[in-house]
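Undergrad: take a look and give me a structure for this.
(3 chains)
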Amino acid sequence: MTQLVVGRVQISEAARVTGATARSLRFYEQEGLIQPGRCANGYRDYCAATVDRVLLVRSLLDSGLPTALIQRVLSAPAASTEPAAPVPDALRAEVELYRQRVAVQVERLTARLSALDDLLAG
DNA sequence: GTTCTAACA
DNA sequence: TGTTAGTA
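TA: Residues are numbered from 1 along each chain as shown, chains lettered A, B, ... in the order given. Predicted structure coming up:
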């Protein structure tokens, strides 16, 4: 598949369409979450695939996954930009472990809600 | 004017 | 992450 040259944008536009700040975009690159290209003047240039990738990264970040784990999950062979792409077993185990920890947090928060409900009801 | 890197009242 | 400084 050929990349559309018309889809290349610089950081401000990439930030606008993804909802991330330019600062965040540079941070994602620094953490190896995205790899935007570079223009002759040194400016970063975001192709459609990279913009798409930013969207995926953000959704994963929203789910609470640590950037370090996201970096490994997305650098895996099969998982490039497809959210549904198969995740290698070793990484899947880490994601599941993280999910379990989130579940524990949910239980604690639920308990806190109950405590507050009791306070308000009592 | 926009982006870049580096760094922090 | 924000923000500012000094550039290219």
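Undergrad: where does the prediction get shaky in chain A?
TA: Within chain A, the stretches with pLDDT under 70 are A:1-6, A:77-85.
Undergrad: so which residues of it form strands?
TA: For chain A, applying DSSP state E gives strands covering A:9-10, A:37-38, A:44-46.
Undergrad: most packed of those?
TA: strand A:44-46 (a mean of 20; mean count of other CB atoms under 10 Å). Just so you know, the C-beta spots here come from the backbone N, C-alpha and C atoms, and that holds for glycine as well.
Undergrad: tell me which parts of chain A are close to DNA strand C?
TA: Chain A comes close to DNA strand C at residues A:Ala20, A:Thr21, A:Arg23, A:Ser24, A:Phe27, A:Asn41, A:Gly42, A:Leu61, as judged by CB under 7 Å from any atom of the strand.
Undergrad: please repeat the previous calculation with a cut-off of 6 Å.
TA: For chain A, the residues in contact with DNA strand C (CB under 6 Å from any atom of the strand) are A:Ala20, A:Thr21, A:Arg23, A:Ser24, A:Phe27.
Undergrad: now the strands of chain A as CSV including distance to A:Arg92?
TA: Converted to CSV, the strands of chain A look like this (distance: least, CB to CB, whole Å):
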stretch, distance to A:Arg92
strand A:9-10, 34
strand A:37-38, 31
strand A:44-46, 29
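Undergrad: can you put those in TSV and add distance to DNA strand B?
TA: Listed next are these as TSV, based on distance: least, CB to the nearest atom of the strand, whole Å:
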stretch	distance to DNA strand B
strand A:9-10	4
strand A:37-38	8
strand A:44-46	3
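Undergrad: quick one, which of the ones you listed gets closest to A:Leu69.
TA: Comparing these against A:Leu69 with CB to CB, the closest turns out to be strand A:44-46 (23.3 Å).
Undergrad: adjacent strands (with direction) for the closest one?
TA: strand A:9-10 (antiparallel), strand A:37-38 (antiparallel) (DSSP bridges).
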